[in-house]
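> Take this sequence and fold it.
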Amino acid sequence: MSKGEETKTRILQQAAELFNQQGYAGSSISDIMRVTGLQKGGIYNHFQSKDELALQAFDFAVACVSKHFRAALRGKLHAVERLKAIIGVFSSFVDNPAIRGGCPLLNTAVESDDAHPALRDRTQKAMSSWLHLIRRIITAGIEKGEIRPDVNADEVATIITATLEGAIMMSKLYGDVIYMQRAVNHLNQYIESHF
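Numbering: from 1, shown residues only. Sure, this is the predicted structure:
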């Protein structure tokens with residue numbers, strides 16, 4: 001990796017954490033300069049605008065999260081085991097987030113809802129990819145006979161995602177992991193009793 005590529009990666013990591021903690025709108029160029037230790041020109045040498053940096057920083061954050069899921073799924077073949085691995089990784093993000101500040105999908109979805117259409121679209125694509133992964137695991141489990149054929153993959157993907165994202169929000173809001181623990185216990189019981 002060249003020095004320029006290393007600098008760009010460092011900017012992306014630091015900006016991703018800043019945006020994930022303070023929000024895109026709440027982070028000024030001065031804030032970005034402070035966390036990166038670079039002047040405006042050093043930042044704009046790698047990114048044409050704050051918007052471009054925000055989009056690429058979001059992609060960087062999502063890639064960090066995805067890396068955790070890929071590692072957890074490695075070697076897990078049974079659909080239920082794969083779903084529980086996903087739930088387990090998600091629950092670890094309360095105390096040990098992939099990017100400081102919590103779940104970048106949740107944080108960005110809330111902030112970009114009306115204020116930043118390009119970032120909203122990017123977040124929606126990332127969430128769709130996440131839902132697709134869960135649906136794919138369930139569908140493969142049905143095909144292999146590991147999951148009952150009447151299980152609705154779309155419905156379960158929605159329930160798992162909404163429950164985990166809500167649990168992250170509540171755990172962060174109250175500073176108490178009990179909300180995530182309750183959600184994980186519920187989802188694991190749900191999977192065991194409905195599949």
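
> State the mean pLDDT of whichever helix or strand E52 is part of.
Remark: E52 resides in helix 50-73, with elements defined by DSSP states H and E. For helix 50-73, mean pLDDT is 94.

> List the buried residues in it.
By neighbour count, with 16 or more other C-beta atoms under 10 Å as the criterion, the buried positions of helix 50-73 are 50, 53-62, 64-65, 68-69, 72-73. All C-beta atoms are positioned from the backbone trio N, CA, C, and that covers glycine.

> which residues in this protein form helices?
Using DSSP state H, the helices assigned to the chain run over residues 3-22, 29-36, 40-44, 50-73, 79-92, 104-115, 117-143, 153-174, 178-194.

> For A98, find the nearest of these.
Distances from A98 to each of these were compared by C-beta to C-beta, and the smallest falls on helix 50-73, at 4.4 Å.

> now the helix-or-strand element of the chain with minimal mean pLDDT and helix 50-73, what's the angle there?
With mean pLDDT, DSSP states H and E as the measure, the helix or strand of the chain carrying the lowest mean pLDDT is helix 104-115 (a mean of 82). Taking axes from the mean of the first three to the mean of the last three C-alpha atoms, to 10 degrees, helix 104-115 and helix 50-73 form an angle of 150 degrees between their directions.

> Report all helices and strands that helix 104-115 contacts.
helix 3-22, helix 50-73, helix 117-143, helix 153-174 (3 or more C-beta pairs under 8 Å, 6 or more residues apart in numbering; DSSP states H and E).

> What ranges in this structure fall below the confidence cut-off?
Low-confidence segments of the chain, defined by pLDDT under 70, span residues 113.
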